[in-house]
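Chemist: Structure for this input, please:
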Amino acid sequence: NPTVSWSSPAAGSTITKDSSLSATPAAAGSAKVTSACLTINGQIPDQDYSSGGSSIDYATWDAGTGCWTDAYGLSSLILKADTTSWTNGDYTFAWTVTDSNGRGSTTASRTFRNA
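Modeler: This next block holds a predicted model:
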């Protein structure tokens, strides 16, 4: 099954305006990660947070599911979040990915603090 792991920032870090959040998906064998779905505090994101430096920038984002898809494969999941309008507190970001064989990953979550 595919996997996804958080790269940065560290769990419990404080995120602020224009924070960059990074995770790496991986698939086994010749499969590719073709879908990556994000939730924030268990909810679908209200916007596309792709960063301009990630493979999800070239993927198709579905506002109804919070998923980016790309048949060519996703190799990096980098988000850029302007959190200035967010309420201060903890936010849990969770990724689930699916590979080209239809296999899903377990959810990889990380909690950050907005201040």
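
Chemist: secondary structure class for the residue nearest to Gly104 when sequence neighbours are not counted?
Modeler: Leaving out its chain neighbours, the residue that sits closest to Gly104 by C-beta to C-beta, 6 or more residues apart in numbering is Thr98, at 5.0 Å. Every residue, glycine included, has its C-beta placed from N, CA and C. Following DSSP: H, G, I helix; E, B strand; the rest coil, we place Thr98 in the strand state.

Chemist: Thr98: neighbour count?
Modeler: Thr98 is flanked by 22 other residues according to other C-beta atoms under 10 Å.

Chemist: bridging residues for it?
Modeler: Here Thr98 shows beta-bridge partners Ser35, Gly104, assigned using DSSP bridges.

Chemist: from what I can see it touches Val33, true?
Modeler: Yes. Assessed by C-beta atoms under 8 Å, Thr98 is found in contact with Val33 at 7.2 Å.

Chemist: what residues do those two have in common as contacts?
Modeler: Common neighbours of Thr98 and Val33 (criterion: C-beta atoms under 8 Å, 6 or more residues apart in numbering): Pro2.
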